[in-house]
Each structure stands twice: as C-alpha cells, then as structure tokens.
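Asker: Everything below, folded, please.
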Amino acid sequence: MSFQVIIKPSDRVFEVEDGSTVLDAAIDAGINLPYGCRNGTCGACKGQVLAGEVSYGEYFDSALSEDEKKVGKALFCCAQPLTDLVIECREVEGEGIPPRILTVRVEKLEKLSHDVMGMTLKLPSNERMQFMAGQYIEFLLNDGRRRAFSLANAPHDDRFIELHMRLVASGQFTQYVFNEMQEKTILRIEGPFGTFFLREESTRPVILVAGGTGFAPVKGIVEHALRQGLKRPMTLYWGARTLEDLYMDELPRQWAAENRLFRYIPVLSAPEPEDGWLGRTGLVHEAVLEDYPDMSAYQVYCCGAPQMVDVAHRDFQRHGLPKGEFFSDAFTFANPVAKIPA
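Answerer: Here you go, the predicted model:
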C-alpha cells in the first residue's frame, strides 16, 4: 500500500510506501525538503499537515510540542502517512541528490587533536559520490545501526571522503575508530543526506558559526565557495573550549590571509593558562552578536551541539535575522541514526 503526498505551494506529488516516512520518500523521489538530523531531534523538517493523518515513532518534545501537533504541525522525518496527505513546507532550492549505498575503504586515519580523528575514505576506482558541500553520510553498521558524520571536503575534491570524528566516551563507534580500527578497513556508507549547504543564489553576506567538529561541514562549504570564486563577504566564527580544540586553526587563518572577502574569528570558552590566549573568549554566538547587533542583512550557517544551534537561532532572530536565512546542522545522539556531537 502507498499514499500520495501533495506539497503546497509547489503542488509537487510523490508516493510514500506504507511504513516509510514522508521525508525518506521525498528523498527517494529527489524532492529536497529541509531536514537535519533525520531522527526527530532538530526540528528542521517541521511543516504543516493540511489534510490527512500521520503516525509517529519516537521524537523529542523540544522538536515538536503537543500544542504544535494539535494545530497540524508535523516532523516529516518521523511522520508516517495513515492516509493520503496534503502538506505545506518550504522546499530547498535545486534538485535533491538521491542517496546511494556505497562500499568504501579507510584510506587514512590521522589524529587531528587529542580527541578528534580525521578519517579519509576511498571509493572504488570507478565510483564517485555526488554531494553538496556541507551534507553528511551515514555508516551502515553490521548490527543495523547507523552513525552519521558531516562531509569535510568540497565536491570538486571527490576522489576521497573526508570526515572529522570527535571521541565520545559513551560512543561505541568512535571508541572503535580511535582504539581498534585499522587503515584498509572496508565499510558501507549511504549518502549524501542533509540540506546544510550554501544557498548560492543569495547575495547576502554569510556568517558561519561552528562549534567543535561543526567545523567539518563548514570547511567543505568554505572550500567550495573559494573554488567557485568567493563573491560574498564570509565570516567564520569557530567556537571551542581550549586552543587545542581548534584542531585545524591554521587552515582558516590561511583562507583569511589569501582572500580579502573571508574573515576568521576563533572564540574560546575556557582557554587554559598555558594557551596564552589573547583572542575572543566566551560563547561563540555571543561573539557574533557583539560584532553584528543588527543581523537583518545577513545569512547564517550554524553547525554544532543542539544547545548552541538552538540558542543561536533564537538570539539571532531577536537581533533581526530573517526567519528563512538561518541554516543549521545540529549534531545529536539518537537511535538508529546518531550525529556525533561537537
């Protein structure tokens, strides 16, 4: 059995098989609905059900409240149709890239800091994975679980896949990566996923906000923008606890030195005395607001821990950021899909 879904206002139509979610079916149909975590945590896929009924699996109350459900709001990453649907939601500019399952080999493992591992994956010689800078892939584990990580490289550099993984004390997969995994290990991935990519049709100046390993997708976005010939002012704020946590600090400094339209502002929340830190301190989103008290003319891309992303979104809108100019990717824990937190 399948159900028909009509999207308003575009009137695009797609089918959802029984047991599938609205978002998964849209992705399979090449329709680019906004989303982030795909597990009911971030709320990026929230839209309106105008007609029809849906059921839900597990999701977080912070992403969809009971009051929102009563007025027809839905999380399309969790919503399964019980009838044909008419929904209203924003569609992302451009055609979606259908995800594919690929076999990859671990080409390189390199510690970027005490708790961040750089992983380079090699696809088969006759394969390439099409993606947009800032998207993510999911590892398909043998026990049926999935683990998702953002792509840190840009699409023009697609011979390999670059990932940045933070070691998580309770994270079974990252513990395996840090302590047991060997180069040449064979893994399966699926991707690309996500709508965290640069809206190239816009002319607004760009503010990038990264927390910890939230730098990974931002790196891909910046490298893509530079490759295309950066024409919009772009400022990166990278927040971390200590100097050591800015694990590739020399790279954005190089971008800033070589490109007059690019600025880099690192922000440490808890610098060590031995860091000798003379730069900005405090919360990274507050540093943005100190520099941009009026955000009405800007476009923001924010990636990191859910708390940081949520607070930044709220406070930036209070300072004039238009509703449709905030794009985010929140790193979350969840089952069966988990984004490893920054």
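
Asker: buried residues in stretch 49-61?
Answerer: For stretch 49-61, the buried set under the neighbour-count rule, 16 or more other Cβ atoms under 10 Å, comprises 49, 52, 54, 59-60. All C-beta atoms are positioned from the backbone trio N, CA, C, and that covers glycine.

Asker: hmm, which two among the residues you listed are most spread apart?
Answerer: 52 and 60 (23.5 Å; Cβ to Cβ).

Asker: Please work out the average pLDDT along the longest strand along the chain.
Answerer: The single longest strand within the chain, with elements called by DSSP state E, is strand 100-113. The average pLDDT within strand 100-113 is 96.

Asker: got it, and stretch 55-62?
Answerer: 84.

Asker: for it, how far is the first residue from the last?
Answerer: Criterion Cα to Cα, to the nearest Å; first-to-last residue distance in stretch 55-62 is 18 Å.

Asker: what separates it from the chain centre, distance-wise?
Answerer: 20 Å (Cα atoms, centre = their mean, to the nearest Å).

Asker: that older thread, just to be sure, which of the buried residues of stretch 49-61 are found in strands?
Answerer: 49, 54.

Asker: ok, so of the buried residues of stretch 49-61, who is nearest residue 4?
Answerer: Once Cβ to Cβ is applied, the member of those that ends up nearest residue 4 is residue 52, at 9.3 Å.

Asker: so can I have CSV of the buried residues of stretch 49-61 showing distance to residue 257?
Answerer: Putting those into CSV (distance: Cβ to Cβ, whole Å) gives the following:
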residue, distance to residue 257
49, 50
52, 55
54, 51
59, 44
60, 42
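
Asker: ok, residue 241 - contacts?
Answerer: For residue 241, the contact set (Cβ atoms under 8 Å, 6 or more residues apart in numbering) comprises 268-270.

Asker: Tell me the most packed of those, by neighbour count.
Answerer: Neighbour counts for the contacts of residue 241 (other Cβ atoms under 10 Å) peak at residue 268, which has 22 neighbours.

Asker: now that one: how far from residue 238?
Answerer: 10 Å (Cβ to Cβ, to the nearest Å).

Asker: anything in contact with each of the two?
Answerer: With Cβ under 8 Å, 6+ apart as the test, residue 268 and residue 238 both reach residue 246.

Asker: Give me the neighbour count for residue 115.
Answerer: Residue 115 has 18 neighbours, counted by other Cβ under 10 Å.

Asker: That one touches residue 167, doesn't it?
Answerer: Yes - the pair residue 115 / residue 167 is scored as a contact, 4.3 Å apart, by Cβ atoms under 8 Å.

Asker: number of nearby residues for residue 146?
Answerer: Residue 146 - counted by other Cβ under 10 Å - has 19 other residues nearby.

Asker: Kindly provide the distance from residue 106 to residue 176.
Answerer: Relative to residue 176, and taking Cβ to Cβ, residue 106 is found at 12 Å.

Asker: More neighbours: the two, which one.
Answerer: Neighbours were counted for residue 106 and for residue 176 using other Cβ under 10 Å; residue 106 has more, 17 against 12.

Asker: where does the stretch 51-200 of the chain have low pLDDT?
Answerer: The model of the stretch 51-200 of the chain has pLDDT under 70 over residues 93-95.

Asker: No more questions from me, cheers.
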